[in-house]
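>>> All I have is the shape, not the residue letters:
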């Protein structure tokens with residue numbers, strides 16, 4: 001967590017990730033500081049009630065997106081309606097597993113990965 005009294009260190013990085021689903025948006029904020037593993041600063045799931053555009057706007061506004069070092073979107077169809085960086089869900093899973101193994105040194109064998117999403 002960033003120390004509220006002193007603020008972020010000059011070399012800290014803050015990244016946002018949003019997964020745009022058919023019925024909800026999942027968002028996560030990651031913070032990386034020297035000497036500290038990447039940590040989840042906050043996360044949320046917002047049911048967009050058939051108005052994903054407004055839900056994305058609200059999350060980005062509430063989480064001060066312009067100050068983030070990076071933002072990435074994923075999702076099956078809705079991500080294509082944005083003029084922003086996005087990747088497919090399988091690609092996001094691959095990056096996540098790669099991070100666990102490389103950055104965090106996870107050595108346990110992985111025989112399967114499941115991506116469980118809601119269907120309307």
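The structure has been received and is ready for your questions. The structure presented is a predicted model; accordingly, all values stated were derived computationally and were not measured.
>>> Contacts only, for residue 42.
28, 29, 63 (C-beta atoms under 8 Å, 6 or more residues apart in numbering). (Each C-beta comes from the backbone N, C-alpha and C, glycine too.)
>>> does the residue nearest to residue 30 when sequence neighbours are not counted have beta-bridge partners, and which?
Nearest non-adjacent residue to residue 30, counting by C-beta to C-beta, 6 or more residues apart in numbering: residue 15, 4.8 Å away. The partner list for residue 15 in beta bridges (DSSP bridges) reads residue 30, residue 70.
>>> now residue 106, nearest residue through space, not along the chain?
Using C-beta to C-beta, 6+ apart and skipping residues adjacent in sequence, the residue nearest residue 106 is residue 100, 4.3 Å away.
>>> Quick check: pLDDT value at that neighbour.
pLDDT, residue 100: 75.
>>> Also residue 15?
91.
>>> how much space is there between residue 94 and residue 88?
Going from residue 94 to residue 88 by C-beta to C-beta, to the nearest Å gives 9 Å.
>>> Go through this protein and flag its longest strand.
Secondary structure of the chain per DSSP state E: the longest strand is strand 36-47.
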